[in-house]
Structure formats: structure tokens, C-alpha cells
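# what's the 3D shape of this:
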Amino acid sequence: MPTYIYETTDETKPPRHFEIRQSMKDEPLTKHPETGDTIRRVITGGFGYMGKGNAPRHADMQRNMGGGSCGTGCGCH
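So this is what the prediction gives:
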């Protein structure tokens, strides 16, 4: 079950951040389960790592993937 970051939204107070574990199928919470304060889910980036050897070079993509004129195979052109 993922952990989501939420923050309080009361503009008269500094925002407080906290984490809540919930299913991906659950709707985002709007009230803090303990205090009843109004909250919103904070969108954060994932932790991804691409080392130097992981990413294909653009020239390789042109040769191997074919497709659109951009050479990536996406079919955009």
C-alpha cells in the first residue's frame, strides 16, 4: 500500500505535512482523519534513477525504432 503526502490547507496557519498510507484505489482525503483539518494530497515525483548506460542514444533509437521523422518511433510525423 503506498504512502501519500498530505498538507493542511488552512491559509491562516502554516501548512503542516504528514504521510498517510492508503490504497491507490481510494479517493484522496479532504479531512485529516484525527483532527478534521482540511487537507490536500501533495503531488510528488517518483524516485527514478537512470545511469549513464541505461538510456539509449538518439542515434540508436533512429536505427532500431524507425517511425516518425523525429526518429524515436513515436509516429508523431
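
# quick one: mean pLDDT for stretch 7-18?
Averaging pLDDT along stretch 7-18 gives 93.

# in that stretch, what's buried?
Across stretch 7-18, burial judged by 16 or more other CB atoms under 10 Å covers residue 8. (Each C-beta comes from the backbone N, C-alpha and C, glycine too.)

# that one: end-to-end distance?
For stretch 7-18, the first-to-last residue distance is 6 Å (CA to CA, to the nearest Å).

# any stretches of the chain with poor pLDDT?
46-77 (pLDDT under 70).

# residue ranges for the strands of it, please.
3-8, 17-21, 39-41 (DSSP state E).

# can you say which of those strands is packed in most?
strand 39-41 (a mean of 17; mean count of other CB atoms under 10 Å).

# who are the packing partners of it?
Counting contacts by 3 or more CB pairs under 8 Å, 6 or more residues apart in numbering; DSSP states H and E, strand 39-41 packs against strand 3-8.

# and of the strands of the chain, who's closest to residue 33?
With CB to CB as the criterion, residue 33 lies closest to strand 17-21 of the strands of the chain, at 7.4 Å.
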